[in-house]
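1. coords please:
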Amino acid sequence: MTCATTSFVIGSAAVAGNTYAWSPSLGLSNAGIAQPTATAPGTYTVTVTNTANGCTASDAVIISQNITPPVANAGTDKTLTCATTSFIIGSAAVAGNTYAWSPSLGLSNAGIAQPTATSPLTYTVTVTNTANGCTASDAVIISQNITPPTANAGTDKTLTCATTSFIIGSAAVAGNTYAWSPSLGLSNAGIAQPTATSPRTYTVTVTNTANGCIASDAVTISQNITPPTANAGADKILTCATTSFVIGSAAVAGNTYAWSPSLGLSNAGIAQPTVTAPGTYTVTVTNTANGCTANDAVIISQNITPPTANAGADKTLTCAITSFVIGSPTIAGNTYAWSPSLGLSNAGIAQPTTTAPGTYTVLLPIQLMVVLLMMRLLSLKILHHQLQMLVLIKH
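-> As a prediction, this is how the structure comes out:
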């Protein structure tokens, strides 16, 4: 008997006039017939009696049993990951056994001992011993871990002349590895938060070492290092007539201005200060949006060399000599003014003719300016004195 064949009809066809008795009767469908059905292993003896003469005869049959099940081994439980996307499950095939896996979904072949599993499921193998039809089953659990890590390259940023680097990325997570691309311009392309010093789009690839899953994210580092325009203006020359200049150029919104040296300037912190002293003045313009600077210089020279004034030698008018030409020859580029003008042929030339006695003074531009300035100061002093007198009289 086997797992496939669980009973047998024993004995032989009945003969008329004979009776039949089987022993033992346990495990037989009927111990008093010629061909009972046996369902249990054992040695069964039949005694046949000829009813006509009372003679008997006996015979025995052995019913053995083979119900040993095969060994079913679905293998150990496993976990699919991003790195390991399949497993061979089961155990080595045994000759004489057949194999059937359920469910078949996700298996390379559900009818072999060791199929390849690619899906997370519980798989049961049923092993059948073809010799006795006995079966055995076992199950294996295939789970899955494909949770990706979190990749965060950080927010986009702009490099400037003031800010020349940024830390990008986000804090490292234990069990993850980090790879940045491109590596150019990064302090270390293999850490979570490198320092970026070049404008580029950087991509970080994060790998979870436990399951091999990856995730990526990108950050764009742009750059604004456009310098402002610095224009200190054209070189100029201070003279006795022009004692100051406005230098520089019109202010631009968002820029700051710093002049050096500050001595001789009305304000060293504006775009267009007034300069009153000779020198080389450098303006540094800073763009407050990006911290970039630019420089330019202007040369302020000075020409205050006075001309030569020569009224000539003192002379004496007589009854015989009633006039003299005074002064000295004209020099190109000079103008002349004599004072007083009374008694002179022309008070505005280098060598007028004088016909009256007196002290005549020739003034060149620098001297004229000084005289005018002194006269103005004198008039202011007289006015001040008059005001004081008015106050005294009033009191």
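
2. need the three-state assignment for Val48.
-> Look at Val48: counting by DSSP: H, G, I helix; E, B strand; the rest coil, its state is strand.

3. which residues does it bridge with?
-> Judged by DSSP bridges, the bridge partners of Val48 are Tyr20, Ala57.

4. who's in contact with it?
-> Val15, Asn18, Thr19, Tyr20, Thr56, Ala57, Ser58, Asp59 (C-beta atoms under 8 Å, 6 or more residues apart in numbering). C-beta here means a position set from N, CA and C on the backbone, and glycine is covered the same way.

5. hey, what's Leu80 bridged with?
-> With DSSP bridges as the criterion, Leu80 is bridged to Gln144.

6. and it, how many neighbours?
-> Counted with other C-beta atoms under 10 Å, residues neighbouring Leu80 total 20.

7. again with Cys134
-> 18.

8. make 5 the starting number, not 1.
-> Fine by me, first position is 5 from now on; the one you just mentioned is Cys138.

9. nearest spatial neighbour of it, skipping sequence neighbours?
-> Once flanking residues are discounted, Cys138 sits nearest to Cys7: 3.8 Å by C-beta to C-beta, 6 or more residues apart in numbering.

10. same question, Ala25
-> With C-beta to C-beta, 6+ apart as the measure, Thr51 is the residue that lies nearest to Ala25, at 4.8 Å, once sequence neighbours are left out.

11. report the central residue of the protein.
-> Val223 (3.7 Å; C-alpha atoms, centre = their mean).

12. OK, contacts around that residue?
-> Counting by C-beta under 8 Å, 6+ apart, the residues that Val223 touches are Ala157, Gly158, Thr159, Asp160, Lys161, Ile172, Gly173, Thr205, Tyr206, Val208.

13. between these, which is nearest Thr89?
-> Nearest to Thr89 among the contacts of Val223 is Val208, at 24.0 Å by C-beta to C-beta.

14. quick one: contacts of the helix or strand encompassing that closest one?
-> Val208 belongs to strand 204-212 when assigned by DSSP states H and E. Outside strand 204-212, the residues that touch it by C-beta under 8 Å, 6+ apart are 86, 151-157, 172-173, 177, 179-186, 188-190, 196, 200, 217-225.

15. quick one: strands adjacent to the helix or strand following it?
-> Next along the chain after strand 204-212, taking DSSP H and E as the criterion, comes strand 218-228. The pairing partners recorded for strand 218-228 under DSSP bridges are strand 161-164 (parallel), strand 204-212 (antiparallel).

16. need the next SSE after strand 218-228, C-terminal direction.
-> Next in sequence after strand 218-228, counting helices and strands by DSSP H and E, comes strand 240-243.

17. which residues does that following strand contact?
-> With contact meaning C-beta under 8 Å, 6+ apart, strand 240-243 is reached by 248-249, 251, 279-282, 302, 304-308.

18. tell me the buried residues in it?
-> Lys240, Leu242 (16 or more other C-beta atoms under 10 Å).

19. show me what the following helix or strand past it is packed up against.
-> Later in the chain than strand 240-243, the nearest helix or strand by DSSP H and E is strand 249-250. With contacts defined as 3 or more C-beta pairs under 8 Å, 6 or more residues apart in numbering; DSSP states H and E, strand 249-250 has these neighbours: strand 278-279.

20. where do the helices of the stretch 255-399 of the chain begin and end?
-> Taking DSSP state H, counting those that start in this stretch, the helices of the stretch 255-399 of the chain run over residues 369-398.

21. do a quick rundown of the strands in it.
-> 259-264, 278-279, 283-291, 297-307, 328-329, 341-343, 357-358, 365-367 (DSSP state E, counting those that start in this stretch).

22. thinking again about what came up before, what residues are up against the residue nearest to Ala25?
-> Tyr24, Ala25, Trp26, Ser27, Thr60, Ala61, Ser62.

23. one more: Ser253?
-> Thr233, Asn235, Ala236, Gly237, Ala275, Gln276.

24. verify the contact between the fifth one and Trp263 for me.
-> No. Using C-beta atoms under 8 Å as the test, Ala275 is too far from Trp263 to be in contact (9.4 Å).

25. which one is Thr207 nearest to, not counting chain neighbours?
-> Of all residues not flanking Thr207 in the chain, Ala222 sits nearest, at 4.5 Å (C-beta to C-beta, 6+ apart).

26. quick check: that neighbour vs Asn212, distance?
-> For Ala222, the distance to Asn212 (C-beta to C-beta, to the nearest Å) stands at 19 Å.
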